[in-house]
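> Sequence and predicted structure are below.
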Amino acid sequence: MKRFLVGLGCSLIFAPSELLAQDSAPAARLGDPAATLGRPIARGQDPGLNPAAGFDLVPKVMPKGKVSESSSNPTALPVPNGAAPVPGGPVLSVPPGGTVGGPVSVYPTITSVGPPIPVGPGMGDPCVGGCPVGDSYQSNDTGFYTSVEALMWWVKSYSVPALVTAGPSFSGATLGSPSTAVLFGADSVDSNPRYGGRVTLGYWLTPCWAVELSTFYVRPTTDRFTVLTGSYANQDVARPFFSLNRQIETSEIVGRPGVAAGFVTVDSKSDLFGAELNLRHKWWSSCDNRLDFLIGARYLYLQEQLIIQEQSLGLAGAGTLAGVERQLNESFRTKNRFYGGQVGAIFEHHEGPWTFSVYGKVAAGISRQTSEIEGSITPISGGTLPSRPGALLALDSNIGLRTKDRFAVVPEVGINVGYDVTPRLRVFGGYSFMYWSDVARPGRQIDRTLDENRIPDFPAAPAATGVRPAASVTSESIWIQGFNFGILYKW
């Protein structure tokens, strides 16, 4: 007679009935359970097997019986010494020399081989982001770094009114007259390009934070324009202005055939430098990209001046002024100082030894503007010292020092391309553009509407209806752009 057993997966197993019959006296075959409590026995194995030789890890059929026969606590079975606990299960232990009185499953200890497996972004990077399997670009953000750059910049020119004209003889070379030409002015004063340098010094306080100081300086520029009256034969050379007294265009004669001879010189000068102190934070990075933020303070300084010198000698046709020679000196100087806070960001992308970076910054603060106007007449031969101060465009109504504070913004953007010669040395070049919203420049401080009665040595004119030239500080904007070439070194 066969007995059928149905197994997992609906398999049929045929076995002799006598092998599957229940033993009517299990105690006689298994023995007294109490007799086995003195030493650990692996159920399903030959009781004569030496435990020191190790356990057979192949699962065995558990003999019939109750859990209570081998342990009083079926929910917390102890494990032999040296056996690994069940992953995710309770921690079990057996004191030295202890015994186990129930069935035990033994799990072998698994030892990992090879490097650890990355488990998330930012591996090895203390800042946010990072490369999932290790950076392919080593930023080396430790210690000091410095860069030195050469600058070739262009600065927005400023406009000035017509300062020197030439026209037909005895026409006065006044503006608006036929054939009158403007020799200097009515245009812009341009002193470009300008050359300078920039130095940056930084230190990484931590792998994510650095302090950075940068300063630039543009070499002062000086341009000179000179007009000799002898170069304009049979023409008048004059300095034009608008008469407040007569409400017409008129002029002061510098050279006229047979009457006067002389020259006019106009010098323009400019100084520009600045500095910034920033706290730099590496906010995010990946294998080949990074984004840094900046916060700090910025300072800018711009000084410009326009100096006019005129010298004229009366000739025989000048009547009572024949032989009288005098020199006029006028200057219009402006200074601008910017003090403000700044924020910005720098993005870098790396392709092997090449680095491509783009940055943007914006500063906001106070632009302190100063205008200083001076004028005087000095007799060289003949004549007497004028009783009034001033020259022509600089008179007693506008001579002096004046200051004005204005709110201003200074945005700046730039791009650089660099090549790492060594892990510590990089050469780079780029372009930048900066804008300064409010500055005072010399051309805007010149008021060409004059009260003739305020001009020393000028004949009397009808009374004026106002005070001109006016005293004020007039503002405008300025931009600065150009190229930079330099090296960066880390140590």
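The structure has been received and is ready for your questions. A quick note: this is a predicted structure, and the numbers were derived from the prediction, not measured.
> Pretty sure Ala318 sits in a strand.
No - Ala318 is assigned helix when assessed by DSSP: H, G, I helix; E, B strand; the rest coil, not a strand.
> residues near the closest residue to it other than its chain neighbours, how many?
Nearest non-adjacent residue to Ala318, counting by CB to CB, 6 or more residues apart in numbering: Val259, 5.3 Å away. Quick note: C-beta positions are derived from backbone N, CA and C, even for glycine. Around Val259 there are 19 other residues, counting by other CB atoms under 10 Å.
> next one: the one 5 residues further on
Around Val264 there are 24 other residues, counting by other CB under 10 Å.
> helix or strand for it, which one?
Following DSSP states H and E, one finds Val264 within strand 260-285.
> residue contacts, the residue nearest to Ala318?
Taking CB atoms under 8 Å, 6 or more residues apart in numbering, we find Val259 in contact with Ile253, Gly314, Leu315, Gly317, Ala318.
> Look up phi and psi at it.
With angles defined as degrees, to the nearest 10, Val259 sits at phi -110, psi -50.
> what sits opposite Glu249 in the beta ladder?
With DSSP bridges as the criterion, Glu249 is bridged to Phe242.
> so what pLDDT did it get?
Listed pLDDT for Glu249 reads 96.
> and what of Ala391?
You'll see Ala391 listed with a pLDDT of 95.
> does Ala162 sit in a helix, a strand or a coil?
coil.
> So it sits against Ala186, correct?
Yes - counting by CB atoms under 8 Å, Ala162 touches Ala186, with 4.1 Å between them.
> Between the two, tell me which one has more neighbours.
The residue with more neighbours, out of Ala162 and Ala186, is Ala162; 21 against 15, by other CB under 10 Å.
> give the contact list for that one.
By CB under 8 Å, 6+ apart, the contact list for Ala162 reads Leu175, Val182, Phe184, Gly185, Ala186, Pro240, Arg448.
> how about a cut-off of 10 Å?
Neighbouring residues of Ala162 by CB atoms under 10 Å, 6 or more residues apart in numbering: 173, 175, 180-187, 239-241, 249, 251, 448.
> Out of those residues, which is nearest to Pro379?
Arg239 (18.5 Å; CB to CB).
> secondary structure element for that closest one?
For Arg239, the element it lies in under DSSP H and E is strand 235-243.
> got the CA coordinates for that strand in CSV?
Written as CSV, here are the backbone C-alpha positions of strand 235-243 (Å, rounded to 0.1, in the frame of the first residue of the first chain):
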residue,chain,number,x,y,z
GLN,A,235,41.3,133.1,-39.2
ASP,A,236,40.0,133.9,-35.8
VAL,A,237,40.8,131.4,-33.0
ALA,A,238,38.5,131.8,-30.1
ARG,A,239,36.8,130.3,-27.0
PRO,A,240,33.0,130.4,-27.5
PHE,A,241,30.3,130.8,-24.8
PHE,A,242,26.7,132.0,-24.5
SER,A,243,26.2,135.5,-23.1
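> can you state the direction angle for it and strand 260-285?
Counting by axes from the mean of the first three to the mean of the last three CA atoms, to 10 degrees, strand 235-243 points 60 degrees away from the direction of strand 260-285.
> taking the mean pLDDT, what do you get for strand 235-243?
The average of the pLDDT scores along strand 235-243 is 96.
> With stretch 481-491 instead?
Average pLDDT, stretch 481-491: 96.
> so how far is that stretch from its chain's centroid?
Put simply, stretch 481-491 sits 14 Å off its chain's centre (CA atoms, centre = their mean, to the nearest Å).
> before we move on, what about stretch 215-235?
Taking CA atoms, centre = their mean, one finds stretch 215-235 lying 37 Å from the centre of the chain it belongs to.
> do stretch 187-195 as well
Worked out by CA atoms, centre = their mean, stretch 187-195 lies 26 Å from the chain centre.
> residues in contact with it?
Identification of contacts with stretch 187-195 by CB under 10 Å, 6+ apart yields 150-162, 218-223, 225, 266, 268-270, 272, 304, 306, 441-443, 480, 482-483.
> re earlier: touching both of Ala162 and Ala186, which residues are there?
Common neighbours of Ala162 and Ala186 are listed as Leu175, Pro240 (criterion: CB under 10 Å, 6+ apart).
> quick one on the thing from earlier: on contacts alone, who are the packing partners of the strand holding Arg239?
Contact here means 3 or more CB pairs under 10 Å, 6 or more residues apart in numbering; DSSP states H and E; on that basis strand 235-243 packs against strand 164-168, strand 181-184, strand 248-255, strand 260-285, strand 289-314, strand 449-450.
> Please identify the most buried of the ones you listed.
Of the helices and strands packed on strand 235-243, the one with the most neighbours on average (mean count of other CB atoms under 10 Å) is strand 164-168, at a mean of 22.
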